[in-house]
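> generate a structure from the sequence data that follows.
(2 chains)
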There are 2 protein chains.
Amino acid sequence: MIKQRYPSQLLENAVDAIASLPGVGQRSALRLALHLLRQPVENVEHFTDAIAKMRREARWCRTCMMISDGEECSICADRRRDHSLICVVESVRDVMSIEATGQYNGVYHVLGGIISPINGTGPSDLTIKQLVERVKAAQGSETEVILALSGDVEGETTSFYIYRQISPYGVKVSTLARGLGFGDDLEYADQLTLGRSIANRQIFKP
Amino acid sequence: MIKQRYPSQLLENAVDAIASLPGVGQRSALRLALHLLRQPVENVEHFTDAIAKMRREARWCRTCMMISDGEECSICADRRRDHSLICVVESVRDVMSIEATGQYNGVYHVLGGIISPINGTGPSDLTIKQLVERVKAAQGSETEVILALSGDVEGETTSFYIYRQISPYGVKVSTLARGLGFGDDLEYADQLTLGRSIANRQIFKP
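I've put the predicted structure just below:
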């Protein structure tokens, strides 16, 4: 019996590399490695180059701390956007979700995570300091900060922490509306959401 | 509104590359790209190098057509294995499954697929010709070919095709035992498997 798990060390190294990705097991990694092995060399080189280039060359926007191709991201560089409206989000994925709605024309601030004692993430691991600096620099102008963080305990804790840090500078601080989703049935809504939807009821504007 | 879907072209290229893998959607690809972005540069380079190196340097064993680091794979190169026993499988994944059992000490022949008119895979797309050459070269010696292909129509078609090609050379041709799995309940077995298990019943050896 051979000792190695794979008949090829090259294959084994590739499988181990792919299996190091979160949520990818050894079986899927093998399937993906064998798929890549069947592709033309140029395709595989294009695949690995795109990833290596991103890691090597991607920068963080000096203003909003979002991933960027240069010193400033395309959103912060866009003069048609409303720079007095700063939406604070956890990650670039949230930026993309909000952009996809087509309903927002302000700019962003990407925290790079959320305060979570369980995961060992404290305020200093996030870009809160940069946000405070940004708000401080905008002092006197009519700036609004929208806290668009998740509605769980960690999100609320982070929102509250940020609120305390930036409120001395006289900015307007808002948060996302929460309630039943549009089209949601009352019958199937969870109690917390339904309860808060009643408490935070709004004037009916037909 | 910005026109590009991603705030960074570098990120978009990496996501598109990852999403080109089978079974990986855009959302998972973004999650993986952002994960890689957070890793140290060395880790990401190790990841891409392992894949690029595998594609560039992996060879196919000249004997069994399995992925190999050199001219001959580690299994074919192993003189302690029984080279008169050739197990024909669809892919290297099957080799690894059989190796994992620890029950087989012969060598392999990897077809690289299965005859499938629906997918446009004909006998000439597989390594059947090489298998025939191999059997021809072994003519006169006591060689046994085990057809270890799947039990569906395509597997049976391929087995039958190979059988017709190699039987003139006087080799023994066998196939995997099929029946209820060890520990399977009769109640939950599918009808085909149970039916064949009865038809192919074996002498009870306590």
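> how near is A:Leu147 to chain B?
Taken as Cβ to the nearest Cβ, to the nearest Å, the spacing of A:Leu147 relative to chain B amounts to 20 Å. For every residue, glycine as well, the C-beta is placed using N, CA and C.
> residues touching that residue, list them.
The contact partners of A:Leu147, by Cβ atoms under 8 Å, 6 or more residues apart in numbering or on different chains, come to A:Val88, A:Ser159, A:Ile162, A:Tyr163, A:Val173, A:Ser174, A:Thr175, A:Leu176.
> same thing but 6 Å
Residues near A:Leu147 by Cβ atoms under 6 Å, 6 or more residues apart in numbering or on different chains: A:Val88, A:Ser159, A:Thr175.
> make TSV out of those and add distance to chain B.
Formatted as TSV, those follow (distance: Cβ to the nearest Cβ, whole Å):
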residue	distance to chain B
A:Val88	16
A:Ser159	22
A:Thr175	23
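> who wins for neighbours among those?
A:Val88 (24 neighbours; other Cβ atoms under 10 Å in any protein chain shown).
> which stretch of helix or strand covers that one?
strand A:82-89 (DSSP states H and E).
> surely A:Ser174 is in a strand?
Yes: under DSSP: H, G, I helix; E, B strand; the rest coil, A:Ser174 falls within a strand.
> confirm for me that it is in contact with A:Val145.
No: taking Cβ atoms under 6 Å as the definition, A:Ser174 is not a contact partner of A:Val145, at 7.3 Å.
> out of the two, which sits in the busier spot?
With neighbours defined as other Cβ under 10 Å, A:Ser174 and A:Val145 compare such that A:Val145 has more, 25 against 13.
> the more buried one contacts A:Cys87, correct?
No: if you go by Cβ under 6 Å, A:Val145 and A:Cys87 don't touch, sitting 8.0 Å apart.
> that older thread, which elements pack onto the strand holding A:Val88?
Counting contacts by 3 or more Cβ pairs under 6 Å, 6 or more residues apart in numbering or on different chains; DSSP states H and E, strand A:82-89 is packed against strand A:106-110, strand A:144-147.
> that one vs strand A:106-110, what angle?
If you take axes from the mean of the first three to the mean of the last three Cα atoms, to 10 degrees, strand A:82-89 sits at 40 degrees to strand A:106-110.
> what sits up against strand A:82-89?
A:95, A:105-110, A:142-148.
> any chance of these in JSON lines, with distance to B:Cys76 and pLDDT too?
Formatted as JSON lines, those follow (distance: Cβ to Cβ, whole Å; pLDDT from 0 to 100):
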{"residue": "A:Val95", "distance to B:Cys76": "53", "pLDDT": "91"}
{"residue": "A:Asn105", "distance to B:Cys76": "65", "pLDDT": "92"}
{"residue": "A:Gly106", "distance to B:Cys76": "64", "pLDDT": "94"}
{"residue": "A:Val107", "distance to B:Cys76": "62", "pLDDT": "95"}
{"residue": "A:Tyr108", "distance to B:Cys76": "58", "pLDDT": "96"}
{"residue": "A:His109", "distance to B:Cys76": "59", "pLDDT": "97"}
{"residue": "A:Val110", "distance to B:Cys76": "53", "pLDDT": "96"}
{"residue": "A:Glu142", "distance to B:Cys76": "76", "pLDDT": "90"}
{"residue": "A:Thr143", "distance to B:Cys76": "71", "pLDDT": "92"}
{"residue": "A:Glu144", "distance to B:Cys76": "70", "pLDDT": "93"}
{"residue": "A:Val145", "distance to B:Cys76": "66", "pLDDT": "94"}
{"residue": "A:Ile146", "distance to B:Cys76": "64", "pLDDT": "93"}
{"residue": "A:Leu147", "distance to B:Cys76": "63", "pLDDT": "92"}
{"residue": "A:Ala148", "distance to B:Cys76": "59", "pLDDT": "92"}
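> biggest helix in chain A by residues?
If you go by DSSP state H, chain A has its longest helix at helix A:41-57.
> show me which parts of that one are buried, residue by residue.
Across helix A:41-57, burial judged by 16 or more other Cβ atoms under 10 Å in any protein chain shown covers A:Val44, A:Glu45, A:Phe47, A:Thr48, A:Ala50, A:Ile51, A:Ala52, A:Met54, A:Arg55.
> also stretch A:116-132?
Under 16+ other Cβ under 10 Å, the buried positions of stretch A:116-132 are A:Ser116, A:Thr121, A:Leu126, A:Thr127, A:Ile128, A:Gln130, A:Leu131.
> sounds good, over and out.
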